[in-house]
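Novice: Next come a sequence and a model predicted from it.
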Amino acid sequence: MSTDRSLDAALRAVTASVRAIALVTEHPLGRVPCIKPDGSPVTAGDVAAQAAAAIVLRRELGLAGVVGEESPTSLEGPDAEAMRALARKAVAAAVGGFDADPLEALAWKAPADARTGFWTLDPIDGTKGYRSSRHYAVCLAHVDARGVTHGVLGLPTLVADMDLSRIGEPPGVLIAATRGGGSWLHDPATLAPTRRVQRAPMQGVVRLLNSVEPGGRTARAAAVVESLGRPWETVAVDSQLKYALVALGAGDCIVRVPGSVPRAEHGWDHAAGVLIATEAGAAASDADGAPLDFTLGEDMTANEGIIVCDPSLHADLVRAVRTQRAAPRA
């Protein structure tokens, strides 16, 4: 077991989230979505995962709350009450019981203030993947005034040999990093570290980790890698699993090129994965080559775009993104 109390708590929080999701998924309503006002889907699994992690972090570290994607109003619509009941039952089982309504934890919010430090959570990153029985991730990170200090990814459907064509069963793979302490695979049962993760030098075809869902962002990333003039292929996968695959050497680059109307990325969508990838030897920056800044609140307002890749590709990818952004748009 690690001697880092914060890391131990984060590992327990993520494994509790994975357990809660697995229990929700056993029910017919488990993958049924509600649609939030911003158009994004949310399931009973999302709210159960966030509540479970918040309860564990409060028990372990005395946290007032987390910076998370979900809220008490995330589930709305005709099935909402049944979905909330399902989530309550799953959370209570996953955390070993809770005296009050477990979904009260969805209201335990903390300010995204890096001066005092905060934990940020994406309870199911890749909800569309989860709904479609594809890969998804539970993502938890801690941020202080210097950046990300801890990152944990629970990858419930990833199999040990990283064959992405297979959808495994929870608990799957657990990978974590601490700033300056490297990235490590952990045993999901005991939480003990089992192997340090370090990228080997890249050889051969450039493997672009790109979203399963087609769209402009996916096309822009493919165009950037194509412009390098090197043999390349796409590995289509949802969620921050992409960052784990860069760390593990099963992929070589993640490229998020801003569109014509750039928007700030949410920190919870990237913080844990970026730390895990960089602690394993990857390079990371925004589209202009500047460091990624997770300290400014929920959103990464100092950055546009993201590049995380094998170090040998980084300078070429920054140049290629700059060229694409400067090209006239049709």
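Specialist: Nice, I can see it. Numbers count the residues shown, from 1 in each chain.
Novice: in this structure, which ranges drop under the pLDDT threshold?
Specialist: Within the chain, the set of residues satisfying pLDDT under 70 comprises 1-3, 329-330.
Novice: Tell me where it has helices.
Specialist: Using DSSP state H, the helices of the chain run over 5-25, 44-61, 80-94, 127-131, 216-226, 241-248, 271-279, 311-326.
Novice: Point out the one among those that comes closest to V143.
Specialist: helix 271-279 (6.3 Å; Cβ to Cβ). Where C-beta positions appear, they are placed from N, C-alpha and C, glycine not excepted.
Novice: now that closest one against helix 5-25, angle please.
Specialist: Per axes from the mean of the first three to the mean of the last three Cα atoms, to 10 degrees, the angle that helix 271-279 makes with helix 5-25 is 120 degrees.
Novice: which of the residues in helix 271-279 are buried?
Specialist: Across helix 271-279, burial judged by 16 or more other Cβ atoms under 10 Å covers 271-279.
Novice: roughly how far apart are L248 and D144?
Specialist: With the distance defined as Cβ to Cβ, to the nearest Å, L248 ends up 26 Å from D144.
Novice: Who has more neighbours out of those two?
Specialist: Set L248 next to D144 and count neighbours by other Cβ atoms under 10 Å: L248 wins out with 21 against 17.
Novice: List the contacts of the residue nearest to R166 when sequence neighbours are not counted.
Specialist: Excluding the flanking residues, the one nearest R166 by Cβ to Cβ, 6 or more residues apart in numbering is V159, at 5.1 Å. When contacts are counted by Cβ atoms under 8 Å, 6 or more residues apart in numbering, V159 is found next to 166, 168, 172-173.
Novice: quick check, nearest of these to G154?
Specialist: For the contacts of V159, the residue nearest G154 by Cβ to Cβ is G172; the value is 7.1 Å.
Novice: burial of the closest residue to P102 other than its chain neighbours, as a residue count?
Specialist: The shortest distance from P102 to any residue other than its chain neighbours is 3.8 Å, reached at V91 (Cβ to Cβ, 6+ apart). Counted with other Cβ under 10 Å, the neighbours of V91 add up to 32.
Novice: now swap in the one 4 residues further on and tell me
Specialist: For V95, the tally of surrounding residues (other Cβ under 10 Å) stands at 23.
Novice: Who are the contact partners of it?
Specialist: Applying Cβ under 8 Å, 6+ apart, one finds that V95 lies in contact with 16, 20, 52, 55-56, 59, 102.
Novice: Domain map for the chain?
Specialist: Annotated domains of the chain cover 5-197, 206-326 [automatic domain parsing].
Novice: before we move on, back to that, looking at the contacts of V159, state which has the most neighbours.
Specialist: G172 leads the contacts of V159 on contacts (other Cβ under 10 Å) with 23 neighbours.
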